[in-house]
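Chemist: return a 3D structure for these sequence lines:
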Amino acid sequence: MASSRNVVDMDPDVARRLFEEGAFLVLLGVPQGTELGIDCKSWQVGPRFKGVKMIPPGMHFLHYCSANPPSCGGEIGPKTGLFLTLKPREILLANWDPKTEDLDFSASQNEEEVSRIRASLRDLDPFLGPYPYEVMRKWVSLTDRLSQEVASSLQPLSGRVCAFSDVIPVVDFRHTKDREEQPRNDTACQSMKEGLDRLPRMKHREGTELRFSAIPEKNYPPGATPAEITQCSMDLSYALERVLEKNHRLQPLNVLGELQFAFVCFLIGNVYEGFEHWKRLLVLLCRAEEAMRERKELYLGLIAVLYHQLGEIPPDFFVDIVSQDNFLTSTLQDFFQFASGPGVDGTLRKRAEKFKAHLTKKFRWDFDADLDDCAPVVVELPEGVTVD
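Modeler: Next comes the predicted model:
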């Protein structure tokens, strides 16, 4: 865990304010070797660890992975995380449950127990690592649009964001008769589809699924004409407005908080579903031409959010994931094209131009290339040669 050197290196005024106003996470019984972190930094828990002190008030993301003892291989388990909003001088108390390999925060509801911990903070102090203040600026830049209200509405009802989905069979198969009615698996599969059809249908265990906004399956209104369907497929403003109306009607800019929530779940929580939703939401925002003309503040905010998010992704990540199917460059190419179109606010147009220049310089992406250059090449076969 972090050493006292972090406090020594910290600006004295900042250190004093955090000592006076900072919150405490008292985490008792966490096994040695557990990987535990808060916001953008993590450590391996040592034998003396009992929590984190000097935490700036506000929203944070606590995350941890249980570990097998060295005698059992020392493997690290899947990551679990939860969003917390801490008040000045608040003490949040949790005990490690070895059965579930999770933190149990029920002790925080016991006022007498919390008072006892507060009275013994001086004795606990040597066992509490200071909040890694050097990551605070990064954390704020990644979550400045994310309120606790939005985070609470998106995270699972269980309160835990898990890297691996907790799934159970749709059909319980409690009785022999249930199993007899399922397709037999004693013959070889003739196709991938047949193999998949034989697998049990699964669903999220109730209360464990992330509650992202549903992206409409159809981008056009009911009864749309062929011309309207084509238009709504090119300009996703109709679908975007449906998402805003259904999920962020009172505060449309909260959709940026949802974009940040999905990104944090993926980048820090290792939840691939977070990346998939970030991707779908980004496509919706970047390809909504009419909305871009009408929602200046939303798109100024989007540029700021993306500036910080793309600055935190490792360069090799683009090669492995983001650049698949040219997703990010093609999506942003549409965004920059729409942002330079007629009717777009001048401030937004200039901000988009600067952002485009920044990405071009940093990642060497060419947003002016013709996407037709990526079309399949037609190969002429010699006369008499055919392909089955």
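Chemist: which regions of the protein lie under the pLDDT threshold?
Modeler: 1-9, 69-74, 165-207, 315-326, 370-388 (pLDDT under 70).
Chemist: got the domain ranges for it?
Modeler: For the chain, automatic domain parsing gives the domain ranges 5-135, 226-372.
Chemist: mind putting those domains into JSON lines with distance to residue 146 and mean neighbour count?
Modeler: In short, each C-beta sits where N, CA and C put it, glycine included. Shown next, in JSON lines, are these (distance: least, Cβ to Cβ, whole Å; neighbours: other Cβ atoms under 10 Å):
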{"stretch": "domain 5-135", "distance to residue 146": "7", "mean neighbour count": "16"}
{"stretch": "domain 226-372", "distance to residue 146": "4", "mean neighbour count": "17"}
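Chemist: of those, which is nearest residue 141?
Modeler: domain 226-372 (4.2 Å; Cβ to Cβ).
Chemist: redo the domains of the chain as TSV? Include distance to residue 142.
Modeler: Listed next are the domains of the chain as TSV, based on distance: least, Cβ to Cβ, whole Å:
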stretch	distance to residue 142
domain 5-135	8
domain 226-372	6
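Chemist: what's in contact with stretch 302-316?
Modeler: Stretch 302-316 is touched from outside by 138, 141-142, 145, 256, 259-260, 263, 267, 282, 285, 322, 351-352, 355, 358-359, 363, with contacts defined as Cβ atoms under 8 Å, 6 or more residues apart in numbering.
Chemist: can you rerun that using 7 Å?
Modeler: 138, 141-142, 145, 256, 259-260, 263, 267, 285, 351-352, 355 (Cβ atoms under 7 Å, 6 or more residues apart in numbering).
Chemist: can you check stretch 349-358 too?
Modeler: So stretch 349-358 is contacted by 300, 303, 307, 336, 339-340, 367 (Cβ under 7 Å, 6+ apart).
Chemist: let's go with 8 Å and repeat that
Modeler: 299-300, 303, 306-307, 332, 335-336, 339-340, 367.
Chemist: farthest pair within those residues?
Modeler: Maximum distance among these (Cβ to Cβ): 19.0 Å, for 300 and 367.
Chemist: with respect to residue 58, which of the contacts of stretch 349-358 is nearest?
Modeler: Once Cβ to Cβ is applied, the member of the contacts of stretch 349-358 that ends up nearest residue 58 is residue 307, at 21.2 Å.
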